[in-house]
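# what's the 3D shape of this:
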Amino acid sequence: MGAINSCAHTVYVLGIPYCRSKAIDHFFCDVAAMLTLACTDTSGHEYTVFLSAILFLLLPFVVIVGSYGKVLLAVYHMHSREGRKKAYSTCSAHLTVVTFYYAPFAYTYLRPQSLHSPVEDKVLAVFYTILTPALNPLIYSLRNKEVLGALRRVTQSICSVKM
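Alright, predicted model coming up:
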């Protein structure tokens with residue numbers, strides 16, 4: 001479904017007449033950035049972008065959060081305090097990454113085109129294309145005991161050199 005959705009948006013955007021410069025004020029060829037260059041009324045396509053965002057962004061996010069709610073409820077009923085702590089730690093790391101990934105997408109694609117700012121769109125694009133994928137391994141590696149031990153040793157050696 002996602003491939004069909006992206007192909008439909010691509011075909012539509014390629015068929016729009018552009019009257020201004022074809023240079024977009026963005027890092028990549030995004031649908032919203034392309035629509036700002038169009039000479040014709042794009043409100044119908046903006047509506048389909050909004051519906052696509054609900055279907056492919058908001059709905060999966062709600063399902064993910066709902067499933068984590070069920071997991072957290074099951075964890076809450078665990079008898080082992082250590083097991084509960086470990087499960088909460090894992091779930092919080094996962095939810096953090098999911099939220100960092102979906103929130104900028106949702107904010108970008110669910111707000112009206114009239115509220116879009118090229119600068120804000122570029123900052124959000126950096127967030128979900130570069131920052132979140134870069135933070136993902138960092139977040140998960142900080143949960144590793146060996147990595148945390150090495151980090152403590154490095155910070156201790158830095159602090160001892162300063163004194």
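# pretty sure residue 19 contacts residue 39?
Yes - here residue 19 reaches residue 39: they are 3.7 Å apart, a contact under CB atoms under 8 Å. Quick note: C-beta positions are derived from backbone N, CA and C, even for glycine.
# any idea which helix is longest in the chain?
Ranked by residue count and defined by DSSP state H, the top helix of the chain is helix 81-110.
# Check the average confidence over that one, would you?
For helix 81-110, mean pLDDT rounds to 82.
# in it, what's buried?
Neighbour counts using 16 or more other CB atoms under 10 Å place 87, 97, 98, 100, 101, 102, 103, 104, 105, 106, 108, 109 of helix 81-110 among the buried residues.
# For residue 28, see how far away the third one is.
In this structure, residue 98 and residue 28 are separated by 22 Å, where distance is defined by CB to CB, to the nearest Å.
# Helices of the chain, start to end?
Ranges of helices in the chain, per DSSP H, are 2-15, 31-35, 43-53, 59-76, 81-110, 118-126, 132-141, 145-162.
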